[in-house]
Structure formats: C-alpha cells, structure tokens
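[1] can't give you the sequence, but here's the structure:
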C-alpha cells in the first residue's frame, strides 16, 4: 500500500530527501507516485505537519 500526501502539505521539502526510491514529486502540494512507493514510511516519519499517510 503506497503512502499519500494530503492537502495539509506545506511543501517544505522534508520528505523529498528521505524517500529512498525518489517517489515524491514537488509542487504546490507534493505527490507520491504509488507505482514507485515501496511503503517504507520514511517520508511520513519526517513530515512536520503529519500530512503523509498510508493510502
């Protein structure tokens, strides 16, 4: 199950460097590619606003 980024995202960039498979893309609200995400949870662990959750 891939993770998703909710509308609570502030686009701070904390999650980008934590993703070991580069599944996160930048934008007004960041997005996680479910086909690339390995469900490791590293991004959710570093999100300061808790905007990343399992899908």
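    Great, that's in hand. Keep in mind that what you see is a predicted model, and the values were worked out from it rather than measured.
[2] which residue ranges of the protein form helices?
    42-46 (DSSP state H).
[3] can you map out the strands along it?
    3-5, 24-25, 31-32, 52-54 (DSSP state E).
[4] pick the most deeply packed of those.
    Among the strands of the chain, strand 3-5 has the highest mean neighbour count (mean count of other C-beta atoms under 10 Å), at a mean of 20. Backbone N, C-alpha and C define where each C-beta goes, glycine included.
[5] returning to that earlier point: turn the strands of the chain into TSV, columns for distance to residue 16.
    Shown next, in TSV, are these (distance: least, C-beta to C-beta, whole Å):
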stretch	distance to residue 16
strand 3-5	11
strand 24-25	5
strand 31-32	11
strand 52-54	12
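[6] in CSV: those strands, plus distance to residue 44 and mean pLDDT.
    Listed next are those as CSV, based on distance: least, C-beta to C-beta, whole Å; pLDDT from 0 to 100:
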stretch, distance to residue 44, mean pLDDT
strand 3-5, 6, 97
strand 24-25, 11, 98
strand 31-32, 10, 96
strand 52-54, 4, 97
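[7] how about the ones you listed, which one is nearest residue 41?
    strand 3-5 (6.9 Å; C-beta to C-beta).
[8] other SSEs contacting that closest one?
    Counting contacts by 3 or more C-beta pairs under 8 Å, 6 or more residues apart in numbering; DSSP states H and E, strand 3-5 is packed against strand 31-32, strand 52-54.
[9] may I have the strands that pair with it, each with its orientation?
    Next to strand 3-5 in the sheet, as set by DSSP bridges, lie strand 52-54 (antiparallel).
[10] run the chain-centre distance for the partner strand.
    Computed by C-alpha atoms, centre = their mean, to the nearest Å, the chain-centroid distance of strand 52-54 equals 7 Å.
[11] any idea how far residue 13 is from residue 1?
    Remark: distance between residue 13 and residue 1 (C-beta to C-beta, to the nearest Å) = 24 Å.
[12] test my guess that residue 29 contacts residue 12.
    No - contact criterion C-beta atoms under 8 Å: residue 29 and residue 12 do not qualify, at 11.2 Å.
[13] which positions within stretch 30-40 qualify as buried?
    30, 32, 37 (16 or more other C-beta atoms under 10 Å).
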